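Undergrad: Sequence and predicted structure are below.
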Amino acid sequence: MKTALITGITGQDGSYLAEFLLGKDYRVVGMVRRSSVDRFERLEHMEGKIELIQGDLSDQTSLDIAVRDVKPDEIYNLAAQSFVPTSWNQPGLTGEVTGLGVTRVLEAMRKNRPQARFYQASSSEMFGKVLETPQRETTPFYPRSPYGIAKVYGHWITVNYRESYDLFCCSGILFNHESPRRGFEFVSRKVSDCVARIKAGKMEHINMGNLDARRDWGFAGDYVEAMWMMLQQDEPRDFVVSTGVSHSVRDLLDAAFSAAGMKWEDYVRIDPKLIRPAEVDTLIGDATKAERELGWTPKVSFEELMEMMVQADMKRHGVA
Ligand code: NDP
Ligand code: GDR
């Protein structure tokens, strides 16, 4: 039985990855931050099946202890301050956790478990003000937020530990991926939840930022499979994971409101406070390498994804 250690297990991807690895008969251990309240909603259905250990990406000792005690075969570093707007208000913390935190996990592995395989959650936000379209593994980075910059650091330190110490380290450059478990501040979930609230008569309008931004949106359940596939290869390499289809935020509003039989134009207001200091205007990924070398392809389309998210939130609000 293989053992996987997942940092960020309480997040969207952590919960899907834990489920996926349990299905492959792994012993799954998740690292969680100490908190005065439990925040394990996304893990409740796996209670008794996964183990939890305390640790924080800003604390080296906690990571050393976790890796030493758990003895993982695979380490998935998903923990991060992951919300882009917060990274302008908390740039220092974002650098500490999303950037330097990666070095700390790599150091814990190098010192305590060098034979383990390591996955780093890199991001399409590293491409930022894009220098090539579509974006692939060789596209240069031009990040546009403290978050994107921290991710570039995390990406290169992962490459560097592979090259310096011959460790099995991979970076997955994942484009936006969503699900009914997505955090409420991200645009897809904000919209699906607000559509359901409007349908339930609990709110009247939704305030939005830049509707022209374009993203390559996929389903989180599909994307965690690619993470695992990367660690099953003979050689460690980096991969772009995306659908190859791009939509605007306006398209997303259209898909979500239509799924509930409504027109978005009747409910949406623009709030200038939600416009970012520097925007990533348009992203579209080329996952040819992942398809060719991992055999990975996405299964859920953008339309199916938004339908799934709206249905789940309508059920939650009692209007499905
Ligand atoms: P979430 O924001 O849902 O989850 C982030 C996780 O990180 C949570 O478990 C959170 O714990 C944990 N965390 C935050 N700070 C710390 C810390 N200091 N120490 C330990 N744990 C911490 O993110 P996602 O699941 O969506 O994303 C997973 C990873 O993939 C992130 O690194 C993200 O940046 C990256 N990524 C995500 C993409 C996406 O579209 N979802 C695309 C590309 C990359 P807590 O519950 O305690 O807050
Ligand atoms: P992103 O995701 O910044 O791409 O990062 P988010 O869903 O927050 O924004 C996508 C785009 O929508 C525009 N937008 C709004 N965004 C939010 N959150 N709220 C709004 O009201 C709104 N209106 C318009 C944004 O300006 C943006 O262009 C996500 C995160 O998961 C990162 O951690 C990850 O690395 C990247 O995806 C890939």
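TA: Done, it's in. Ligands and ions are numbered 1, 2, ... in the order given.
Undergrad: contacting residues for residue 249?
TA: 187, 208-215 (Cβ atoms under 8 Å, 6 or more residues apart in numbering). Placement of C-beta: from N, CA and C, glycine included.
Undergrad: and the stretch 201-320 of the chain, which of its residues are near ligand 2?
TA: Residues of the stretch 201-320 of the chain lying near ligand 2 by Cβ under 6 Å from any ligand atom: 208-210, 213, 215, 249, 274, 276, 279-280.
Undergrad: Taking the chain, what residue is nearest to ligand 1?
TA: Using Cβ to the nearest ligand atom, the closest approach of the chain to ligand 1 is made by residue 11 at 2.1 Å.
Undergrad: any idea of the pLDDT on residue 39?
TA: In this prediction, residue 39 carries a pLDDT score of 82.
Undergrad: so the closest residue to it other than its chain neighbours, which of the three states?
TA: Leaving out its chain neighbours, the residue that sits closest to residue 39 by Cβ to Cβ, 6 or more residues apart in numbering is residue 10, at 5.8 Å. Secondary structure, DSSP: H, G, I helix; E, B strand; the rest coil: residue 10 is coil.
Undergrad: Residue 10 and residue 44 touch, don't they?
TA: No - when contacts are counted by Cβ atoms under 8 Å, residue 10 is not listed as touching residue 44 (10.9 Å).
Undergrad: Looking at those two, which is more packed in?
TA: residue 10 (23 against 9; other Cβ atoms under 10 Å).
Undergrad: So residue 174 versus residue 131, what's the distance?
TA: Separation of residue 174 from residue 131 (Cβ to Cβ, to the nearest Å) stands at 19 Å.
Undergrad: rewinding a little: quick one: contacts for the residue nearest to residue 39?
TA: Contacts of residue 10 (Cβ under 8 Å, 6+ apart): 30, 32, 39-40, 42-43.
Undergrad: Out of these, list just those in strands.
TA: By the criterion of DSSP state E, membership of the contacts of residue 10 in strands covers 30, 32.
Undergrad: Name the member of the contacts of residue 10 with the most neighbours.
TA: residue 30 (28 neighbours).
Undergrad: Ignoring the adjacent residues along the chain, who's closest to that one?
TA: Residue 30 sits nearest to residue 9 (Cβ to Cβ, 6+ apart), 2.8 Å away.
Undergrad: For burial, what's the neighbour tally of the one you found?
TA: 27.
Undergrad: That one contacts residue 40, correct?
TA: No - the pair residue 9 / residue 40 is not scored as a contact, 9.0 Å apart, by Cβ under 8 Å.
Undergrad: overlap in contacts of those two?
TA: residue 32.
Undergrad: Could you spell out the sheet neighbours of the helix or strand harbouring residue 269, each with its direction?
TA: According to DSSP states H and E, residue 269 maps onto strand 268-270. Strand 268-270 has the following strand partners under DSSP bridges: strand 206-208 (parallel).
Undergrad: what's the model's confidence in the helix or strand that the partner strand is followed by, averaged?
TA: Using DSSP H and E, the helix or strand that follows strand 206-208 towards the C-terminus is strand 214-215. For strand 214-215, the mean per-residue pLDDT is 98.
Undergrad: do the same with stretch 300-309
TA: Here the average pLDDT along stretch 300-309 is 98.
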